[in-house]
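Asks: output the structure for:
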Amino acid sequence: MALLITDDCINCDVCEPECPNEAIYMGPEIYEIDPNKCTECVGHYSEPQCQQVCPVACIPFDPAWRETPEQLQAKYELLQAQKAS
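Replies: Numbering: from 1, shown residues only. Here you go, the predicted structure:
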């Protein structure tokens, strides 16, 4: 599943630069995560980097966007191919 930034976000700006897929962006009020780009850092790291650096722990897994490890790996490979072209 993709990750989700909750309303507890304090806009501290530490998660955005940590995202290797550039899935995190500033929304109207708080940072948001594009689930089409979020691979939970599969292919890059062993754990989601945004969760590791978030000082208020406001980045849970999004229950509305469930994906298997295989689907996350396939998404990672697609994103990398798009980036290379």
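
Asks: any idea how far apart the tips of stretch 17-27 sit?
Replies: Stretch 17-27 has an end-to-end distance of 15 Å (Cα to Cα, to the nearest Å).

Asks: quick check: mean pLDDT of it?
Replies: Mean pLDDT, stretch 17-27: 97.

Asks: buried residues, the helix or strand of the chain with the lowest mean pLDDT. List them.
Replies: Of all the helices and strands that make up the chain, helix 69-84 has the lowest average by mean pLDDT, DSSP states H and E, namely a mean of 95. Neighbour counts over helix 69-84 (16 or more other Cβ atoms under 10 Å) mark 72, 75-76, 79 as buried. The way it works is simple: take the backbone N, C-alpha and C, and place the C-beta from them, glycine included.

Asks: got these as CSV, with distance to P35 columns?
Replies: Output for the buried residues of helix 69-84, formatted as CSV (distance: Cβ to Cβ, whole Å):
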residue, distance to P35
L72, 11
K75, 10
Y76, 14
L79, 12
